[in-house]
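> Sequence and computational prediction follow.
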Amino acid sequence: MKSISLLKRLAPIFVTILVIAFALGYYFTGDKEPDMLQRPDDLEIVEEDAEEPSDDTIMDYVSEPRTTPHTRIILKTYYMRCGHTAVDRQDIDTSLIGLDEEGLLGHYPGWDVERFESEEVILLRQLEGACPGHYVLKVNNGYVAIYRTTENGEEILIEITDIPLSILRLRDQDRLRQGMLLDSIEEVNHYLEDLGS
């Protein structure tokens with residue numbers, strides 16, 4: 001009997017401790033859902049992992065090509081009048097080493113890039129005239145004149161002949177007014193002989 005009366009006296013103390021423990025637990029957890037505090041949703045774990053970059057990520061960064069001491073520069077000039085393309089290959093000048101495409105074009109005004117790689121750069125330009133080595137027959141002050149083409153497609157006067165345009169056939173006059181493009185001095189001499197006969 002003694003043990004039952006002891007239990008009756010201790011029961012209110014145990015109930016009071018239990019109520020206090022429940023109240024403290026509720027106070028510290030507040031309005032939060034217990035599940036969210038104890039264990040986050042599996043989906044949230046996956047999303048968090050996706051946002052954080054890992055050290056295993058391989059970057060797909062490709063640096064812009066630049067000229068090196070071993071870069072070969074190829075200059076292509078297309079001459080519209082004769083349809084020929086002159087190609088000039090050269091080693092890179094030391095002042096052009098380390099340049100990107102834009103920097104190199106600053107040293108070659110009027111040129112466009114056909115290909116730009118560290119080993120080889122191909123630049124292209126178009127000129128209206130004919131390539132060097134051609135001859136042009138045309139009229140100068142009423143007489144047949146001989147011109148030679150330059151690297152820049154320009155024409156330099158070599159000689160004004162003593163053949164007046166007025167004595168030539170109309171077809172030849174028209175051709176000379178437009179300018180006749182010939183490939184060699186031999187062709188020029190042959191044509192002039194034909195005009196004189």
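Arrived safely, thanks for sending.

> When you work out contacts or count neighbours from here on, use the C-alpha atoms and nothing else.
Will do.

> out of all of them, which strand in the chain is the longest?
When the chain is parsed with DSSP state E, its longest strand is strand 155-164.

> Give the other helices and strands that that strand contacts.
strand 143-149 (3 or more C-alpha pairs under 8 Å, 6 or more residues apart in numbering; DSSP states H and E).

> Pairing partners for the strand it packs on, with directions?
In the sheet, strand 143-149 lines up against strand 135-140 (antiparallel), strand 155-164 (antiparallel) (DSSP bridges).

> which outside residues touch that strand?
For strand 143-149, the external contacting residues (C-alpha atoms under 8 Å, 6 or more residues apart in numbering) are 129-139, 155-165, 176.

> Give me the buried subset of these.
With burial judged by 16 or more other C-alpha atoms under 10 Å, the buried subset of the contacts of strand 143-149 is 129-132, 134-139, 155, 160, 163-165, 176.

> which among these gets closest to residue 187?
residue 135 (8.8 Å; C-alpha to C-alpha).

> what's the closest non-adjacent residue to that closest one?
Of all residues not flanking residue 135 in the chain, residue 148 sits nearest, at 4.5 Å (C-alpha to C-alpha, 6 or more residues apart in numbering).

> what do you get for residue 66?
The nearest residue in space to residue 66 (C-alpha to C-alpha, 6+ apart) is residue 100, at 4.5 Å.

> Show the contacting residues for that neighbour.
By C-alpha under 8 Å, 6+ apart, the neighbours of residue 100 are 64-67.

> Which neighbouring elements make contact with the lengthiest helix in the chain?
Counting by DSSP state H, the longest helix found in the chain is helix 2-29. Of the remaining helices and strands, none touches helix 2-29 by 3+ C-alpha pairs under 8 Å, 6+ apart.

> What distance do you get for residue 27 to residue 181?
102 Å (C-alpha to C-alpha, to the nearest Å).

> So which of those two has more stuff around it?
The neighbour comparison of residue 27 against residue 181 (other C-alpha atoms under 10 Å) goes to residue 181, with 21 against 10.

> Tell me which residues touch the more buried one, please.
82, 134-137.

> any chance of these in JSON lines, with distance to residue 190 too?
Putting the contacts of residue 181 into JSON lines (distance: C-alpha to C-alpha, whole Å) gives the following:
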{"residue": "82", "distance to residue 190": "20"}
{"residue": "134", "distance to residue 190": "15"}
{"residue": "135", "distance to residue 190": "13"}
{"residue": "136", "distance to residue 190": "13"}
{"residue": "137", "distance to residue 190": "12"}
